[in-house]
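In: Okay, predicted coordinates and the sequence, questions at the end:
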Amino acid sequence: MNQNENSSRRDFLTHSGVALTGVSALGAASVMSPSGVFAAENKNSARLKVGLIGCGGRGTGAAINALQADRDTELFALADAFEDRLKGSLAGLKRKGNLANQITVTPETSFVGFDAYKKVIDCCDVVLLCTPPHFRPQHLRAAVEAGKHIFCEKPIAVDAPGVRSVIDSAQLARKKGICLVSGFCYRYDQAKRETIRRIHDGAIGDIVAIQICYNTGSLWYRPAKPEASDMEKQMRNWYYYTWLSGDHIVEQHVHNFDKTAWVLNGEMPIAATGTGGREVRTDKKFGNIFDHHAVAFEYKNGMRLFSYCRQQPGCTSDVSDHILGSKGRAELMSHRIIGPNNWEFQGEAPDMYQVEHNELFKSIRAGKTFNDGESAAFSTMMAIMGRMATYTGKRVTWEQAFHSKEILGPSNYEWGALPEVKIAIPGVTKLI
Ligand SMILES: NC(=O)c1ccc[n+]([C@@H]2O[C@H](COP(=O)([O-])OP(=O)(O)OC[C@H]3O[C@@H](n4cnc5c(N)ncnc54)[C@H](O)[C@@H]3O)[C@@H](O)[C@H]2O)c1
């Protein structure tokens, strides 16, 4: 699955998206402006067409958030790799009675397949990129090139070339005046904003160490038909394949890495050493991701970040961020400062998923170019660096990790056979 860098692979796909009616994608193109492109900057006061790419749980939720954030929007087009997923999402959205007059998706604007994203990008003003993270760099690049405003879920890549591509796309988006909001939703939680503001104002003194955890039980598994191809089986159970999800240290624990980066004003670690493996997630159906990782990150000033993530049933669950300072400590998930500047967030913060879309659409309407693509890329890179440390068993420096040439995934996307799934072995698996 691991390949050397091949930039053309990310830029081109070999398959066509198919409109559900069998009508060609031009059915949707016929509603486009004469230039064939909806210019983002001309849409500040008009009704905005929103397109969803990746119609799963989060994508469907993001579509609701987008429509609620700005009532002068319509959900115009959908894309998914699988028809059943797309139809299920649309049926769920239509059941949301209060949004009925904002859902204008038709069979002609419903696209299925690996190329479906292109059709949605073509015919919408704002796109929601909510597929598994493997596809994010490619979809993001296409949306930026087409000049569309973007919400893109975290993590934003699964490998270092993907991260570098996202940094390029984010810079291009800034030049083009496109809004780009990533799905690092905790950044939109008022209680965390207030807690971190206090840390930045010195409430716990200098930060001497941080401990972050994302320890949970087991996850979903989606049985596939026995006759399904390797690609279909893996795509339906994308979480369990490193090439699609990045492993759970990237897919889920990345939230903690992003909060750490936020607390540290974007400072990145210089090296990481870790340990991890699969103790209970041993069945072949669980692909090749680990079920636990523990990583110590070193910072330039000697500060250490201790990171733990585990997905094993029957163990203690713990999702937390402990920021230890020279004059006290902060508990980010419970929004408390403990020490001489004792404090606790009071009241109820608004739903962070909704706030992130409210702020995206407010920026679009105001003609401001909100863009957090680079910080999202760096937080994702921290998680990938942690995985490199646990997979190889070696101390990995930031330079090595960031400049890695390892591209995860097949060289093209088709519903056929895939190479044998290999599980990383610390001490044997190489850093590429
Ligand atoms: N911010 C958060 O708190 C949060 C919460 C949940 C999920 N997420 C993120 O959202 C993303 C999606 O997660 P989910 O839980 O919705 O997963 P999901 O499996 O429910 O949905 C993913 C959908 O994408 C589709 N898909 C896969 N490849 C595609 C492609 N190439 N083109 C078009 N569609 C494709 C799948 O068929 C599926 O319907 C992930 O990156 C995940 O990390 C973020």
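Out: Structure received.
In: Next, count neighbours for the residue of the stretch 51-200 of the chain found nearest the ligand.
Out: The ligand sits closest to Gly56 of the stretch 51-200 of the chain, with a gap of 1.7 Å, by CB to the nearest ligand atom. C-beta here means a position set from N, CA and C on the backbone, and glycine is covered the same way. Using other CB atoms under 10 Å, the number of residues around Gly56 comes to 21.
In: For the ligand, see how far away the closest residue to His335 other than its chain neighbours is.
Out: Leaving out its chain neighbours, the residue that sits closest to His335 by CB to CB, 6 or more residues apart in numbering is Phe345, at 3.6 Å. According to CB to the nearest ligand atom, to the nearest Å, Phe345 stands 20 Å off from the ligand.
In: same thing with Arg222?
Out: Taken as CB to the nearest ligand atom, the span from Arg222 to the ligand is 8 Å.
In: Quick check: that residue touching Asn237?
Out: Yes - at 5.5 Å, Arg222 counts as touching Asn237 under the criterion of CB atoms under 8 Å.
In: neighbour count winner among those two?
Out: More neighbours surround Asn237 than the other of Arg222 and Asn237, with 20 against 11 (other CB under 10 Å).
In: what are the phi and psi angles of Asp122?
Out: With angles defined as degrees, to the nearest 10, Asp122 sits at phi -60, psi -40.
In: Tally up the residues packed near it, please.
Out: The burial count for Asp122: 23, using other CB under 10 Å.
In: likewise Ala366?
Out: If we define neighbours as other CB under 10 Å, then Ala366 has 11 of them.
In: same check, this time on the one 5 residues further on
Out: Using other CB under 10 Å, Asn371 is surrounded by 20 other residues.
In: What separation is there between the spatially closest residue to it that is not a sequence neighbour and Leu140?
Out: Using CB to CB, 6+ apart and skipping residues adjacent in sequence, the residue nearest Asn371 is Leu180, 4.5 Å away. Leu180 is 8 Å from Leu140, where distance means CB to CB, to the nearest Å.
In: before we move on, what about Leu86?
Out: 20 Å.
In: who has more neighbours, these two?
Out: Leu140 (29 against 24).
In: Go ahead and list the helix or strand containing that one.
Out: helix 136-145 (DSSP states H and E).
In: again, but for Gln400
Out: Assigned by DSSP H and E, Gln400 falls in helix 398-402.
In: try Ala79
Out: Ala79 belongs to strand 73-80, assigned by DSSP H and E.
In: Only the buried residues of the next helix or strand after that strand, if you could.
Out: The C-terminal neighbour of strand 73-80 among helices and strands, as given by DSSP H and E, is helix 83-94. Buried residues in helix 83-94, counted by 16 or more other CB atoms under 10 Å: Arg85, Leu86, Lys87, Ser89, Leu90, Leu93.
In: Give the closest residue to the last one in space, chain neighbours not counted.
Out: When you say that, I think you mean Leu93. Ile103 (5.7 Å).
In: Same question for the first one.
Out: Nearest residue to Arg85 in three dimensions, chain neighbours excluded: Cys55, at 5.3 Å (CB to CB, 6+ apart).
In: my guess is the one you found meets Ala91, correct?
Out: No - the criterion here is CB under 8 Å, and Cys55 misses it with Ala91 at 10.4 Å.
In: What separation do you get for Leu172 and Ala142?
Out: 12 Å.
In: Overlap of the contact sets of the two?
Out: Common neighbours of Leu172 and Ala142 are not found (criterion: CB atoms under 8 Å, 6 or more residues apart in numbering).
In: Those two: which has the busier surroundings?
Out: Set Leu172 next to Ala142 and count neighbours by other CB under 10 Å: Ala142 wins out with 21 against 16.
In: Tyr117 is in contact with the more buried one, correct?
Out: Yes - between Ala142 and Tyr117 there is a contact under CB under 8 Å: 6.6 Å.
In: so which helix or strand takes in Leu128?
Out: strand 126-129.
In: Report the buried residues of that strand.
Out: Using 16+ other CB under 10 Å as the test for burial, strand 126-129 gives Val126, Val127, Leu128, Leu129.
In: Stretch 311-322 now?
Out: Gln311, Asp321, His322.
In: So for the helix or strand just after the helix holding Leu140, mean pLDDT?
Out: The first helix or strand that comes after helix 136-145 along the chain, using DSSP H and E, is strand 149-152. Strand 149-152 shows a mean pLDDT of 98.
In: Tell me which other helices or strands strand 149-152 touches.
Out: strand 126-129, helix 136-145, strand 180-182, helix 352-366 (3 or more CB pairs under 8 Å, 6 or more residues apart in numbering; DSSP states H and E).
In: Single out the most deeply packed of these.
Out: Comparing the helices and strands packed on strand 149-152 by mean neighbour count (mean count of other CB atoms under 10 Å), strand 126-129 comes out on top with a mean of 29.
In: Any idea how far that strand is from the middle of the chain?
Out: What separates the centre of strand 126-129 from the centre of its chain is 12 Å, taken as CA atoms, centre = their mean, to the nearest Å.
In: Kindly report the same for stretch 119-129.
Out: The mean C-alpha position of stretch 119-129 is separated from the chain mean by 17 Å, CA atoms, centre = their mean.
In: Alpha carbons of it, as PDB, please.
Out: The C-alpha coordinates for stretch 119-129 follow below in PDB (Å, rounded to 0.1, in the frame of the first residue of the first chain):
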ATOM      1  CA  LYS A 119     -19.400  17.200 -10.100                       C
ATOM      2  CA  VAL A 120     -20.500  18.700  -6.800                       C
ATOM      3  CA  ILE A 121     -17.600  21.200  -6.800                       C
ATOM      4  CA  ASP A 122     -18.600  22.200 -10.300                       C
ATOM      5  CA  CYS A 123     -22.200  23.100  -9.400                       C
ATOM      6  CA  CYS A 124     -22.000  24.600  -5.900                       C
ATOM      7  CA  ASP A 125     -20.700  27.700  -4.100                       C
ATOM      8  CA  VAL A 126     -19.800  26.100  -0.800                       C
ATOM      9  CA  VAL A 127     -18.600  22.500  -0.400                       C
ATOM     10  CA  LEU A 128     -18.500  20.400   2.700                       C
ATOM     11  CA  LEU A 129     -15.700  17.800   2.400                       C
END
